[in-house]
Structures are given as structure tokens and as C-alpha cells.
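Participant: below: sequence and its predicted model.
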Protein chains: 2
Amino acid sequence: MTRSELIQHIAEKKSMLCVGLDTDLDRIPKHLLSEEDPIFSFNKAIVDATADHCVAYKPNTAFYEAYGLSGWQSLERTVAYIKENYPRHFVIADAKRGDIGNTSKRYTKAFLESMNCDAITVAPYMGHDSVEPFSGIEGKWVIVLGLTSNPGADDVQKLKLENGEYVHHMVMDKVQSWLSEDELMFVVGATRPDELRALRNRYPNVFFLVPGVGAQGGSAKDVVENGMIEDDFGLLINASRGVIYASNGDDFAEAAKSSAKKLHDEIRSSM
Amino acid sequence: MTRSELIQHIAEKKSMLCVGLDTDLDRIPKHLLSEEDPIFSFNKAIVDATADHCVAYKPNTAFYEAYGLSGWQSLERTVAYIKENYPRHFVIADAKRGDIGNTSKRYTKAFLESMNCDAITVAPYMGHDSVEPFSGIEGKWVIVLGLTSNPGADDVQKLKLENGEYVHHMVMDKVQSWLSEDELMFVVGATRPDELRALRNRYPNVFFLVPGVGAQGGSAKDVVENGMIEDDFGLLINASRGVIYASNGDDFAEAAKSSAKKLHDEIRSSM
């Protein structure tokens, strides 16, 4: 999906919501467990219920790999279902991969080519030859970890360098010099509005994928007010557990829809 | 596998060789492509041919995920085959994962529990709550990226901090404070003997997984001389392409055996 297509979808829907599909057999409604592929059945229902309110979906690969072969199959089916039925929705493989060149190319093949996701999340610790191999495919995106929303962000990302900058600043500066803004996003945690504002000022044209809204405590309104780019929007705001596990009863899809709608309303009214 | 079991195996065999199973359908002998599971057939032959000369195997998950569902199946079968037939060999899922706590736990389940690997490689950019969830399982190991052997290591790992240390030093110091040496290894590239020596001096008791020998240019002799720990050995020296693709003819397994034997001899004579 091109940047202009993504922006167009956001503009029409007035939503920047991304629904995280962190699907866990221990948390989905019990009645789904008798289905042939419970994870896919759950995801399908969640996607159908929330598609009107979001512009992106983000399955986290860990939740699928935990179930081995059948989990991988559920992931492939989920992505295929979204691409077939909601082709305007942006699909992110939240895989946080990163390896030397010829190996990262394999992950590119797995997620951006074979599985046909629009984007993959990438961890930058190994540097340019671990990030660049994901780039250069028309309509495909590389979403690089910048500043994450977890407490451990302090351990590496917020170390201070001899030039006075933080590690995550140097990482993001370098990554921005390797990839164009038509194929690059940064993961930027929503835990502190002032940090989000500072990073938006530093990277005025790059899309941010913002986790940490809802269950992790950030507010969608704060994210929009501090992170949005004029005209291009520049944000995908992710919510996972707060949406998909809004209920674990028979009404789970309806509850997910209500939760997504609430975030959609909050985003729309702040745009 | 416990540390003492691993050390015992190294002592008996006088080998610290790890064979990297980066299996690529474009590079394996053509006659295997008609098999039901060519990747597994290739791996099985390589493992049978090299087991006498190595103490560990390291499939890189990217090469399997690139083939989707069938690749994941080949990976599961490969690990199961090694664990069943060569239970003393240490199996590393070279996955370079890392995510927030509850998500890293899922990767733990995938690779250390369900797939029953002995270890998983982990990228530390997200800090303590992305690394610690992999730890604390009896006999299972976390192999954290320290200083890698690729050119991109300069981009993040070798940034200099305000306290005069490099990023990778602070990362490794912190990681060492979170995990015990009975469950922690570091990935340390073999590109420069002086760097390896300095890191060994700084982390005298932690096992290093050393890639970059062979195809990437480091010598096994240099690695042993600069990285070995007295009595405990403390090294797994990885070679991938140089061993498994020593020939792509009918003699591929024999050629892999010869190549592994050569490295084994080089390691043994340097120990």
C-alpha cells in the first residue's frame, strides 16, 4: 500500500486506529475452542466487527508462533482474510525481526512477499545491513523500533551518548537516512506526550506506529494532539487487548466493535 | 541442557563447533528437491554427517519462515530429529526475537517449550522486560546479541556513550546483571580478535556464541585463542554456509563432514 493510499483511507474514515491481533487461546471466548481453527475464527469475527473503525491490523507473530504449525497457519489465514475482504486496510506483521542482510531478506520474503503483509516491524540493534534488506519493495513498509513504551526502553534506548543525544535519537536519525518516508515508519510509544511531541518535531514527515494506548495507559487524544502531521496524519494508533478482549462472552465481537468505535470517536474528535 | 552437561560434551569431543542450519532451497543439491520435505532431508543428512564433529546446531528461523507453513514444519522436524537422535547436542533457535514481557513469553513457549530448543537468540533493544521473560526455565538458555559481526554493528552497538563506554558494553553489562551465567550466552562476532579478547576479559564466565567464522572471515584458531575460558571453554563457534554448502553435488553430506572435521581439527588443536 502506498503512502497516499494509506493517507486517503485515514482521511475518508477519520480514523488512525490499528487493531492489534494478539490472539491468545486462553483469553478468547470458550465457545470458539471447538472450532476447527479457533484463532482464525476469533480474528475473523474481530476483523469483521472492527473494520469500519480502523485502518490497520497488527497481528503480533509471537502469539501465533506459540502454537507452532497450527498458529502459523492461523496467521496466514488471518492475513489472507483481511487482504481479500478489506484490501484497503494496512496489515502489519509485528515480528520485530532483524538479522544480517541475506537473512533479513528471508524475513522479507516470509512476511512482505509470501504472506503479503504491508509492513513488518524491525529491531535496529544490528544496524543498516539488518534494516535495509526489508526496504525497496513497492508499496511495502519497514516499521523500525524507535522509542518503545515498555519500562525496558530505559535500558538501551535512553542511554545517553557522548554527543548528548539518546541512543534512540541516533538510531532513528540513521534509519531515516537509509529509508525514504514512503516506506519507513517508527514505533514510538505513547507513554509520555512530551516525548511524542519532541519526536514528531524531530521527524516531521515519518509515520509513527504508536502502541501503548489503552491497556498500557496512553490516551488516543494525547497521541493525536502531539503526534499528528498536518495533512498527512502520520499516525497509526494501536490498541490490542483493550479492543479484542473487551468481552470474552458471546458478545465478544460486539464488545470489540464498541471499544474500537470509542477509540475511533476519540481519534476523530481530536483530528 | 545444563552448563555442566554442555561443558562435559565439549571436553569429551574437544569441539566447540556449532553448525548453522541456514537451509535454502536454492542452494541445496537439486536431487533433494523431489523429496517430500527437501529442507528436512537436507538437514537430516547434514546432521548425520557432522554430529561427530560439533556440539551444537543452530537453525536460523528466517530460512524456515521464508517458506511459510512448510518451512515451519521443516524446522520443527529438524529440531525433533536432532533432539531424538543426538540428545547431547545443543540446539539454538537463531530467532533474534525480543518484545514486551507477555509477548516474549510467547516466543519462549514457541521455541524453548513447544519446539524444545535449548536456547533462543534475543535482540536487546527493548531492554530488561524483553529479555528476562526468556529466562528462568531449567536447562534453557538465552543468547543475547552483544557485538555482532556484520558491518552494521557500528551503527548502534559501537556508538559511544557519555560515560566513555560503548553501547554494546552497557547492554552486555546490564544483561549480565539480569541473567545468571548458567542460562546466559552472548553473541560476539569473530571479526576482530582484539575485540573478542577484550570482551572475554570483561565477561570472564559467560559463554559466547561466535558467528563469523569461515564465510565471514574469522578463524576458529583466533576465536579459541582469544575467547576460550579455562576449564569451562565458554565458546560455541558457529559455521553455517562454509559447512552445509561445502558441495551441492551428490557428495554434499561427505563434503559437509570434511568441512566440519577441518574446523573441529582446528579448534581441537587450539584448545
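Facilitator: Cool, the structure landed.
Participant: low-confidence ranges, the stretch 151-271 of chain A, go.
Facilitator: For the stretch 151-271 of chain A, residues meeting the criterion pLDDT under 70 lie at A:215-217.
Participant: which bits of it sit near chain B?
Facilitator: Proximity of the stretch 151-271 of chain A to chain B is confined to A:151-157, A:159-162, A:164, A:167, A:170-171, A:174 under the rule C-beta under 8 Å from any C-beta of the partner chain. Quick note: C-beta positions are derived from backbone N, CA and C, even for glycine.
Participant: could you pull out the helices for chain A?
Facilitator: A:3-13, A:38-50, A:61-65, A:68-85, A:101-108, A:128-131, A:167-178, A:193-202, A:220-227, A:241-244, A:252-270 (DSSP state H).
Participant: tell me which of those sits most buried.
Facilitator: helix A:61-65 (a mean of 26; mean count of other C-beta atoms under 10 Å in any protein chain shown).
Participant: on that earlier part again, closest to residue B:118 among the residues of the stretch 151-271 of chain A next to chain B?
Facilitator: When those are ranked by distance to residue B:118 (C-beta to C-beta), residue A:152 comes first, at 24.5 Å.
Participant: quick one: that closest one and residue B:125 touch, right?
Facilitator: No: counting by C-beta atoms under 8 Å, residue A:152 sits too far from residue B:125 to count as a contact (9.0 Å).
Participant: re earlier: would you list the buried entries among the residues of the stretch 151-271 of chain A next to chain B?
Facilitator: Buried subset of those (neighbour count, 16 or more other C-beta atoms under 10 Å in any protein chain shown): A:152, A:153, A:155, A:156, A:157, A:159, A:167, A:170, A:171, A:174.
Participant: would you check how far apart the last one and residue A:91 are?
Facilitator: So the one you mean is residue A:174. 27 Å (C-beta to C-beta, to the nearest Å).
Participant: now swap in residue A:241 and tell me
Facilitator: 19 Å.
Participant: what sits against the closest residue to residue A:206 other than its chain neighbours?
Facilitator: Take residue A:206 and drop its neighbours on the chain: the residue closest to it by C-beta to C-beta, 6 or more residues apart in numbering or on different chains is residue A:181, 5.2 Å away. Each residue near residue A:181 by C-beta atoms under 8 Å, 6 or more residues apart in numbering or on different chains is listed here: A:3, A:205, A:206, A:207.
Participant: and of those, the nearest to chain B?
Facilitator: When the contacts of residue A:181 are ranked by distance to chain B (C-beta to the nearest C-beta), residue A:206 comes first, at 17.7 Å.
Participant: isn't the closest one up against residue A:182?
Facilitator: No: assessed by C-beta under 8 Å, residue A:206 is found out of contact with residue A:182, at 10.1 Å.
Participant: contact partners for the nearest residue to residue A:151 once chain neighbours are set aside?
Facilitator: Excluding the flanking residues, the one nearest residue A:151 by C-beta to C-beta, 6+ apart is residue B:129, at 5.6 Å. Contact partners of residue B:129, counting by C-beta under 8 Å, 6+ apart, are A:150, A:151, A:152, B:100, B:101, B:104.
Participant: make TSV out of those and add distance to residue B:23.
Facilitator: Formatted as TSV, the contacts of residue B:129 follow (distance: C-beta to C-beta, whole Å):
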residue	distance to residue B:23
A:150	34
A:151	38
A:152	33
B:100	31
B:101	32
B:104	26
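Participant: just the closest of those to residue B:21, please.
Facilitator: For the contacts of residue B:129, the nearest to residue B:21 is residue B:104 (23.5 Å; C-beta to C-beta).
Participant: skipping adjacent residues, who's closest to the one residue sitting closest to the centre of chain A in space?
Facilitator: Per C-alpha atoms, centre = their mean, the C-alpha nearest to the average position across chain A is that of residue A:58, at 4.8 Å. The shortest distance from residue A:58 to any non-neighbouring residue, by C-beta to C-beta, 6+ apart, is to residue A:92 (4.2 Å).
Participant: then residue A:270?
Facilitator: residue A:224 (3.8 Å).
Participant: I'd say that neighbour and residue A:268 touch.
Facilitator: No: if you go by C-beta under 8 Å, residue A:224 and residue A:268 don't touch, sitting 9.1 Å apart.
Participant: just the buried ones from the contacts of residue A:181?
Facilitator: Judged by 16+ other C-beta under 10 Å, buried ones among the contacts of residue A:181: A:3, A:206, A:207.
Participant: narrow the contacts of residue A:181 to those in strands?
Facilitator: residue A:207 (DSSP state E).
Participant: just the contacts of residue A:181 now: which is nearest residue A:44?
Facilitator: Using C-beta to C-beta, the contacts of residue A:181 come closest to residue A:44 at residue A:207, 27.1 Å.
Participant: mind listing what the closest one touches?
Facilitator: So residue A:207 contacts A:3, A:6, A:181, A:184, A:185, A:186, A:234, A:235, A:236 (C-beta under 8 Å, 6+ apart).
Participant: how about the contacts made by the residue in chain A sticking out farthest from the centre?
Facilitator: Distance from the C-alpha centroid of chain A peaks at residue A:162, with 32.0 Å (C-alpha atoms, centre = their mean). By C-beta under 8 Å, 6+ apart, the residues touching residue A:162 are B:160, B:161, B:162, B:164.
Participant: now the residue in the stretch 151-271 of chain A that chain B sits nearest to, nearest residue through space, not along the chain?
Facilitator: Going by C-beta to the nearest C-beta, chain B is nearest to residue A:152 of the stretch 151-271 of chain A, at 2.3 Å. Nearest residue to residue A:152, sequence neighbours excluded (C-beta to C-beta, 6+ apart): residue B:127, at 2.3 Å.
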